[in-house]
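**Student:** The following block contains a protein sequence and its predicted model.
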Amino acid sequence: MPKSEFLREAEARGFIFQCTDMEALDAAMQAGPVSGYIGFDPTADSLHVGSLIQIMMLRLLQKHGHRPVALMGGGTAKIGDPSFREEARQLMTAETIAQNLRGIEGCLRQFLSFDDRPGEGAGAMLANNADWLDRLSYIDLLRDVGIHFSVNRMLSFDSVRSRLEREQGLTFLEFNYSILQSYDFRELNARHGVTLQMGGSDQWGNIVSGIDLVRRMNQQQVFGLTTPLLTTSSGAKMGKSARGAVWLSAQRLPVFEYWQFWRNTEDADVGRFLRLFTDLPIEECDRLAALPGAGINEAKKVLATEATALCHGRAAAEQAAEAARRTFEEGALSADALPSISIAAATLHEGIPAFRLFADSGLVASNGEARRLIRGGGARLNDEVVTDEGRMIGEGDLREGVIKLSSGKKKHILVRPA
RNA sequence: GGAGGGAUGCCCGAGUGGCUAAAGGGGGCGGACUGUAAAUCCGCUGGCGUACGCCUACGUUGGUUCGAAUCCAACUCCCUCCA
């Protein structure tokens, strides 16, 4: 049983999958503040729920007086992570990467405090591996880093071995990727005294390699800690919603939908998610998760509001909760916080066929899909089922200045003339 | 380097000259039931058009044929066995 505050809470809340040396890490954390990092790849301008467990881990670290470090893979992004090699990833331009970095930083700022808080330990730090990878000289790398890597050993890693056994090509670039990742740890250790790397359980191999490298190059004992791979109780990968990834940025996913994502959690996941994705005390999480029968819905609302508050702020979360209450519990026509789109007033004046408006609204992906939705009886206009796909929608359909379109019971959007 | 097998829609997988926008399953979406849950059941599931219809799609390129996912040739990639 760990004694340090951080490890105790992390373990109790379900964050810990594996640790390279639990006792030593525990001792280090009791001795003083530890800097721990997690890497994020700037492949999009927002993070999504798939990374949330990592973010929450950093947050927890900060809560207990340690220093969280978010490492941006600005340098490695230039070659692309080969581990998802369906096809070689498209190379991103420097501008795209820079833009993505800004977006991700925005996400992280919601969850972490980047300011030093007197008496409460250091603020979070943002690092970018482009700072050292960009200027890396090949000769120096070979001499200083390469000498510490045993090819025999690398060949024995599952990830590499499975590729070789299937006689599936493994490029030199791919083979090197883990070396660069290890090097990140060594740089963070040397530059900023980072002694802990965290990540998903799929990063275990990389983390262990990094630890070895730091020990050899810097003569430092450092640690690795992984989180479990998150799936829902019914086995689905976490973080997929109706329209793709559940983004943390409000530009990519309206707050209302973020709230809905959590509201629709499966019963069996409520306790686990409360512990992982909210700041509520564990006892409170357990109490909520144990609510019998339909009472669990109250727990889901708490989960939704708390998780949304962390990401988008308390006010926006409560607005989303209220919009949901009005929409689902009162069946109100419109609620301000529902996502909305605008349409040219002239179009509305002339009238537009129902299937087309549904497609234009983004509720469905194409006209054909809109037609199918209508034929299947799942489309509603101002809460009335639409039966005729060609029904003209015009100014006469405005209610309080907006038109509400629904796909099924859960997806709603307001159309405003502009 | 040699011999054989394969590449099908979001994924898995059947199909071996026209009836094939392509069986079946998964996933997704919608409906019923419920608690905005799970499980279950039902329907839908390439794009464009109100529609007869048109276009795109079975690794790539070309060919045979009235007609090709299906036959032929070359190429690319993958798998199995031998060296």
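**Tutor:** Everything's here; your move.
**Student:** going forward, measure contacts and count neighbours with C-alpha atoms only.
**Tutor:** Fine.
**Student:** per-residue confidence for the residue of chain A most remote from its centre?
**Tutor:** The centre of chain A is farthest from one residue, residue A:350, which by Cα atoms, centre = their mean lies 42.5 Å away. Here, the pLDDT recorded for residue A:350 equals 87.
**Student:** For the nearest residue to it once chain neighbours are set aside, what are phi and psi?
**Tutor:** Computed as Cα to Cα, 6 or more residues apart in numbering, the closest residue to residue A:350 that is not its neighbour in sequence is residue A:394, at 6.8 Å. Main-chain torsions, residue A:394, degrees, to the nearest 10: phi -140, psi -160.
**Student:** Surely residue A:394 touches residue A:349?
**Tutor:** Yes - Residue A:394 sits in contact with residue A:349 when judged by Cα atoms under 8 Å, with a separation of 5.9 Å.
**Student:** pLDDT of the longest helix anywhere in chain A, averaged?
**Tutor:** Longest helix of chain A, by residue count under DSSP state H: helix A:172-192. Throughout helix A:172-192, pLDDT has a mean value of 87.
**Student:** now stretch A:73-89
**Tutor:** Mean pLDDT, stretch A:73-89: 59.
**Student:** Look at residue A:394 and residue A:349 and report which has more neighbours.
**Tutor:** Each of residue A:394 and residue A:349 has its neighbours counted (other Cα atoms under 10 Å); residue A:394 has more, 18 against 13.
**Student:** Got the phi and psi for the residue in the stretch 201-350 of chain A positioned nearest to RNA strand B?
**Tutor:** Minimum separation of the stretch 201-350 of chain A from RNA strand B (Cα to the nearest atom of the strand) falls at residue A:266, amounting to 3.0 Å. Dihedral pair for residue A:266: phi -70, psi 150, per degrees, to the nearest 10.
**Student:** Low-confidence bits of the stretch 201-350 of chain A, can you list those?
**Tutor:** Along the stretch 201-350 of chain A, the model assigns pLDDT under 70 to residues A:234-244, A:332-336.
**Student:** so where do the helices sit in it?
**Tutor:** Using DSSP state H, counting those that start in this stretch, the helices of the stretch 201-350 of chain A run over residues A:204-218, A:255-263, A:270-277, A:282-289, A:296-312, A:314-324, A:345-350.
**Student:** what separates the fourth one from the chain centre, distance-wise?
**Tutor:** The reference is to helix A:282-289. Relative to its parent chain, helix A:282-289 has a centroid offset of 24 Å by Cα atoms, centre = their mean, to the nearest Å.
**Student:** just to revisit the earlier point, which residues does the residue of the stretch 201-350 of chain A closest to RNA strand B contact?
**Tutor:** Residue A:266 sits next to A:232-233 when contact means Cα atoms under 8 Å, 6 or more residues apart in numbering.
**Student:** Could you tell me how far it is located from residue A:290?
**Tutor:** 13 Å (Cα to Cα, to the nearest Å).
**Student:** can you check residue A:1 too?
**Tutor:** Separation of residue A:1 from residue A:290 (Cα to Cα): 25 Å.
**Student:** Now do residue A:380 against RNA strand B, distance only.
**Tutor:** For residue A:380, the distance to RNA strand B equals 8 Å [Cα to the nearest atom of the strand, to the nearest Å].
**Student:** Report how many residues lie close to the residue lying closest to residue A:21 once chain neighbours are set aside.
**Tutor:** Spatially, and ignoring its direct neighbours in sequence, residue A:21 is nearest to residue A:223 (6.7 Å; Cα to Cα, 6+ apart). Look at residue A:223: counted by other Cα under 10 Å, it has 24 neighbours.
**Student:** Isn't residue A:282 up against residue A:276?
**Tutor:** No - under the criterion of Cα under 8 Å, residue A:282 is not in contact with residue A:276, lying 9.7 Å apart.
**Student:** what do those two both touch?
**Tutor:** Common contact partners of residue A:282 and residue A:276 (Cα under 8 Å, 6+ apart): residue A:13.
**Student:** Grab the nearest non-local neighbour of residue A:104.
**Tutor:** Leaving aside its chain neighbours, residue A:104 sits nearest to residue A:46 (5.0 Å; criterion: Cα to Cα, 6+ apart).
**Student:** so that neighbour, which of the three states?
**Tutor:** Judged by DSSP: H, G, I helix; E, B strand; the rest coil, the three-state class of residue A:46 is coil.
**Student:** wait, what's in contact with it?
**Tutor:** The contact partners of residue A:46, taken as Cα under 8 Å, 6+ apart, are A:100, A:103-104, A:107, A:247-249, A:252.
**Student:** Return the closest of these with respect to residue A:193.
**Tutor:** If you rank these by distance to residue A:193 using Cα to Cα, residue A:104 comes first, at 23.5 Å.
**Student:** Neighbours of that closest one, how many?
**Tutor:** Residues near residue A:104, counting by other Cα under 10 Å: 22.
**Student:** Do you know the pLDDT at it?
**Tutor:** pLDDT at residue A:104 comes out at 94.
**Student:** Check which helix or strand the residue nearest to residue A:388 when sequence neighbours are not counted maps to.
**Tutor:** Nearest non-adjacent residue to residue A:388, counting by Cα to Cα, 6+ apart: residue A:374, 7.2 Å away. Secondary structure from DSSP states H and E places residue A:374 in helix A:367-375.
**Student:** Can you list the helices and strands that that helix packs against?
**Tutor:** Helices and strands in packing contact with helix A:367-375 are listed as helix A:354-361; criterion 3 or more Cα pairs under 8 Å, 6 or more residues apart in numbering; DSSP states H and E.
**Student:** Now do the helix it packs on, average pLDDT.
**Tutor:** Over the span of helix A:354-361, the pLDDT mean works out to 90.
**Student:** hmm, back to that, might one say that the residue nearest to residue A:388 is in contact with residue A:384?
**Tutor:** No - applying Cα under 8 Å as the test, residue A:374 and residue A:384 come out as separate, 11.6 Å apart.
**Student:** Which one of those two is surrounded by more residues?
**Tutor:** Set side by side, residue A:374 and residue A:384 show more neighbours around residue A:374, with 22 against 11, by other Cα under 10 Å.
**Student:** sorry, back to before: can you pick out the residue with more neighbours from residue A:1 and residue A:290?
**Tutor:** residue A:290 (15 against 9).
**Student:** Torsion angles phi and psi at that one?
**Tutor:** When read as degrees, to the nearest 10, the backbone of residue A:290 gives phi -90, psi 0.
**Student:** repeat for residue A:249
**Tutor:** phi -90, psi 130.
**Student:** how far away is the nearest residue to it once chain neighbours are set aside from residue A:416?
**Tutor:** For residue A:249, ignoring the flanking residues on the chain, the nearest one in space by Cα to Cα, 6+ apart is residue A:46 at 5.7 Å. The gap separating residue A:46 from residue A:416 is 27 Å, by Cα to Cα.
**Student:** Cheers, nothing more for now.
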